[in-house]
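S.K.: okay, predicted coordinates and the sequence, questions at the end:
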Amino acid sequence: METNLPRPVYGFAKRVADVLISSAALLLLLPLFLPLALLLRLTGEGEVLYLQDRVGFGGRTFKLMKFATMLKNSPNIGTRTITTRNDPRVLPFGRCLRKTKINELPQILNVLKGDMSIVGPRPLTRETFSMYSEEVRRVVARNVPGLTGIGSVVFRDEEALLNAGRRSVHDVMRTEIAPFKGALEMWYDRRKSPFVDIAITALTMLAILWPGNQMHNRVIRGLPRRGVPAHCGSPGVGVGPDELAAQARTMF
C-alpha cells in the first residue's frame, strides 16, 4: 500500500508524531528511568548513559543514547562495535537490560532532539555502515534513523548468526547480515508511509511481548528474502533495486 501523502508532507507529519509520542513516552517512563539511573550509578562501572557515534540523516554522525550495559572500553576490546551473544564485555545488570531492550529506551531523547524518528533504518556505527554497498548507504542516509524499523522486526537472530563459530564475526556481518539488512532498508525506503510506520511499530511491540513470532510474514508480503542474490549489501552481494522492487510489489 503506497502513501497518498507527498513526501514533504509525510516527513512533516512524521516529525510532529515523533515529538508528540516521544514527549508522552518520556513522561510515562520517568518513574522507571530514575531508579534505573540510581542502580546503574551504584553498580558496574558507575556509568548511567552510554553515548555512541552512529550514522544519521545525511550520513552525519550523532550521539546515540543507551543505558550503559557494557564496559566503557568495549569499542576497543574483542569484536569492537559488534556485540555477540553472551558477550563477556556486558556487565551483569546490563544483561537484564539488554534482554528486555530497556537499555534502548533513552533513544527516546534522540527522537525528541530530532536525531532519530520512531520508525526508520536502525542507525549503525560507521564500521558496520561501511559494510553496505554505496547504493544502500546513499538510500539509508536519506532517511532519519529509527528507534525501530523493518530490520528490527524481521532480523532478530543476528547474535545467533554471529556466534555460529564458522567464521569471524566481521566476515559474517559483511557477507550475511549486511546484505539482508540492506535489502530490508531498501524495501522500507520504497514503501515508507504512515500506514507502514504504524504496522512496523505494532509488530515491534508484538516482538517484544512474543519473541520469535513470525507475524511479520503474515502481515507483510513482498519482503526481501535472506540469501537472494544481487547488489544490496556489501559490494556485489544482496538484492538490487530492480529485484527488490519486484519482490515488494504487494504488501498487506
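M.R.: The structure has been received and is ready for your questions. Numbers count the residues shown, from 1 in each chain.
S.K.: what's the longest helix in this structure?
M.R.: In the chain, taking DSSP state H as the definition, the longest helix is helix 7-42.
S.K.: run the chain-centre distance for the following helix or strand past it.
M.R.: Using DSSP states H and E, the next helix or strand after helix 7-42 towards the C-terminus is strand 49-55. Distance of strand 49-55 from its chain centroid, counting by C-alpha atoms, centre = their mean, to the nearest Å, is 13 Å.
S.K.: what does stretch 125-134 give?
M.R.: 14 Å.
S.K.: make 49 the first number, not 1, from now on.
M.R.: With 49 as the first residue, the last one maps to stretch 173-182.
S.K.: report the buried residues of it.
M.R.: 173, 176-177, 179-181 (16 or more other C-beta atoms under 10 Å). Every C-beta, even on glycine, is put in place using the N, C-alpha and C of the backbone.
S.K.: how far does that stretch stretch from start to finish?
M.R.: 16 Å (C-alpha to C-alpha, to the nearest Å).
S.K.: surely Leu195 meets Val167?
M.R.: Yes. Counting by C-beta atoms under 8 Å, Leu195 touches Val167, with 7.3 Å between them.
S.K.: those two - which one has more neighbours?
M.R.: Val167 (28 against 24; other C-beta atoms under 10 Å).
S.K.: could you say which helix or strand holds the closest residue to Ile69 other than its chain neighbours?
M.R.: Distance criterion C-beta to C-beta, 6 or more residues apart in numbering; nearest residue to Ile69, sequence neighbours excluded, is Ile166 at 5.8 Å. For Ile166, the element it lies in under DSSP H and E is strand 165-167.
S.K.: from the contact counts, what lies against that strand?
M.R.: With contacts defined as 3 or more C-beta pairs under 8 Å, 6 or more residues apart in numbering; DSSP states H and E, strand 165-167 has these neighbours: helix 55-90, strand 194-196, helix 242-257.
S.K.: got the contact list for it?
M.R.: 62-63, 65-66, 69-70, 159, 192-197, 244-245, 248-249 (C-beta atoms under 8 Å, 6 or more residues apart in numbering).
S.K.: stretch 248-257 too?
M.R.: 149, 166-167, 196-198, 200-201, 204, 261, 263-264, 267-268.
S.K.: so Asp135 is in which element?
M.R.: Using DSSP H and E, Asp135 is not contained in any helix or strand.
S.K.: what number of residues lie near it?
M.R.: Asp135 - counted by other C-beta under 10 Å - has 21 other residues nearby.
S.K.: now which of the contacts of strand 165-167 would you call buried?
M.R.: Buried, going by 16+ other C-beta under 10 Å: 62, 65-66, 69-70, 159, 192-197, 244-245, 248-249, out of the contacts of strand 165-167.
S.K.: show me the two of those residues that sit farthest apart.
M.R.: The distance between the two most remote of these (C-beta to C-beta) is 19.3 Å, for Ser70 and Val244.
S.K.: so Gly104 is in contact with Val192, correct?
M.R.: Yes. Counting by C-beta under 8 Å, Gly104 does reach Val192; the two are 7.3 Å apart.
S.K.: common neighbours of the two, please.
M.R.: Met164.
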